[in-house]
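Engineer: need a 3D model of the following:
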Amino acid sequence: MDNRRIGVFDSGLGGLTAVKQIMKSLPNESIIYFGDTGRVPYGTRSNETILKYTRNDIRFLKTFDVKMIVIACGTASSVAMPAVKNEFDVPIVGVVDATVYAAVRATRNGRIGIIGTPGTIKSGSYERLIRKYDPSMQTFTRACPLFVPLVENGHFDTPVARLMIEEYLAEIRDVDVDTLILGCTHYPLLKKAIGEYMGEDVRLIDPGKEVAVYLKKKFDDGGLHGDKVDKDQYMYFVSDNVEGFEELGSIFLETKINGQVSKVDIEKY
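Structural biologist: Prediction:
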């Protein structure tokens with residue numbers, strides 16, 4: 001058994017969709033979550049800035065006794081993961097590999113849509129890995145820069161959210177994809193509205209769910225499971241508004257966050 005914590009970070013609240021899935025898959029694990037709410041979003045930043053932010057976030061999580069760090073951010077996983085994965089003495093996993101694996105297995109017609117932040121789409125990480133699995137696959141991408149601020153402000157299934165979904169996804173729907181990668185952990189909060197727009201025949205791939213499946217298998221194979229649960233099982237840190245995170249984060253997690261959130265000066269790390 002290994003009762004060290006799992007560290008998870010994201011640019012804001014979106015990574016809580018991954019935390020929710022990890023809680024379900026690995027209920028005996030202790031988790032530390034950092035949401036970089038003061039610097040959200042990452043997806044419109046330069047590669048150099050994304051790399052800097054990612055290193056800050058990892059260094060902060062490493063101040064705790066973590067056995068694994070999950071980059072629950074599509075942008076950081078796509079842009080920074082190749083550089084940071086061997087820089088630190090703790091295993092680091094991103095959301096891209098597990099998500100692509102699920103999408104390739106799910107598609108029936110070999111036509112996969114990918115939506116994400118501008119940084120994720122520009123990186124080409126999802127397309128490269130899909131073609132590594134199967135060069136015959138066709139991919140269709142679309143950057144959706146307004147989805148993160150929509151979700152961060154609680155617009156999950158509102159008229160403005162549906163309007164932006166139509167604006168961003170019309171071209172992808174028209175090319176007959178049967179699988180759509182939600183290439184940002186914020187996007188599963190829009191899953192209901194996206195699913196209704198794309199139609200019931202299109203499989204939506206949730207990166208948070210897939211990284212939880214990956215972690216469970218890795219823990220099963222490596223004997224990394226924890227078996228000790230205490231009152232501080234889940235700890236949350238942010239770089240900005242604690243109260244806003246508690247309120248909206250409780251909706252993301254579908255469980256109450258109350259007094260478990262602390263603010264940290266992430267620029268120190």
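Engineer: now do the helices in this protein.
Structural biologist: Secondary structure of the chain (DSSP state H): helices at 16-25, 47-61, 74-79, 81-84, 96-106, 118-123, 125-133, 147-152, 159-174, 191-198, 207-222, 242-253.
Engineer: which one, of those helices, ends up nearest to Y234?
Structural biologist: Within the helices of the chain, the stretch nearest Y234 is helix 16-25; the backing value is 7.7 Å (C-beta to C-beta). All C-beta spots, glycine's among them, are computed from the backbone N, C-alpha and C.
Engineer: returning to that earlier point: how about the helices of the chain in CSV, adding mean neighbour count?
Structural biologist: As requested, these are exported to CSV (neighbours: other C-beta atoms under 10 Å):
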stretch, mean neighbour count
helix 16-25, 22
helix 47-61, 20
helix 74-79, 31
helix 81-84, 16
helix 96-106, 21
helix 118-123, 23
helix 125-133, 18
helix 147-152, 22
helix 159-174, 15
helix 191-198, 17
helix 207-222, 20
helix 242-253, 18
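Engineer: adding distance to V261 and mean pLDDT, write those out as TSV.
Structural biologist: Listed next are the helices of the chain as TSV, based on distance: least, C-beta to C-beta, whole Å; pLDDT from 0 to 100:
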stretch	distance to V261	mean pLDDT
helix 16-25	11	95
helix 47-61	15	97
helix 74-79	21	94
helix 81-84	25	94
helix 96-106	27	95
helix 118-123	26	94
helix 125-133	31	95
helix 147-152	15	93
helix 159-174	25	97
helix 191-198	25	97
helix 207-222	19	92
helix 242-253	5	91
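Engineer: so which of those helices gets nearest V8?
Structural biologist: helix 16-25 (5.6 Å).
Engineer: hang on, N56 packs against D265?
Structural biologist: No - with contact defined as C-beta atoms under 8 Å, N56 and D265 do not form a contacting pair (10.0 Å).
Engineer: excluding covalently adjacent residues, which one is nearest to E166?
Structural biologist: Using C-beta to C-beta, 6 or more residues apart in numbering and skipping the chain neighbours, the partner closest in space to E166 is Y197 (6.3 Å).
Engineer: close enough to count as contact, that neighbour and I172?
Structural biologist: No - judged on C-beta under 8 Å, Y197 makes no contact with I172 at a distance of 10.0 Å.
Engineer: what sits closest to H225 if chain neighbours are left out?
Structural biologist: Nearest non-adjacent residue to H225, counting by C-beta to C-beta, 6+ apart: F219, 5.1 Å away.
Engineer: how close does the one you found sit to D227?
Structural biologist: Distance of F219 to D227, computed by C-beta to C-beta, to the nearest Å: 11 Å.
Engineer: sorry, back to before: switch the helices of the chain over to JSON lines; also include distance to V8.
Structural biologist: Shown next, in JSON lines, are the helices of the chain (distance: least, C-beta to C-beta, whole Å):
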{"stretch": "helix 16-25", "distance to V8": "6"}
{"stretch": "helix 47-61", "distance to V8": "8"}
{"stretch": "helix 74-79", "distance to V8": "12"}
{"stretch": "helix 81-84", "distance to V8": "14"}
{"stretch": "helix 96-106", "distance to V8": "14"}
{"stretch": "helix 118-123", "distance to V8": "18"}
{"stretch": "helix 125-133", "distance to V8": "19"}
{"stretch": "helix 147-152", "distance to V8": "17"}
{"stretch": "helix 159-174", "distance to V8": "25"}
{"stretch": "helix 191-198", "distance to V8": "20"}
{"stretch": "helix 207-222", "distance to V8": "9"}
{"stretch": "helix 242-253", "distance to V8": "12"}
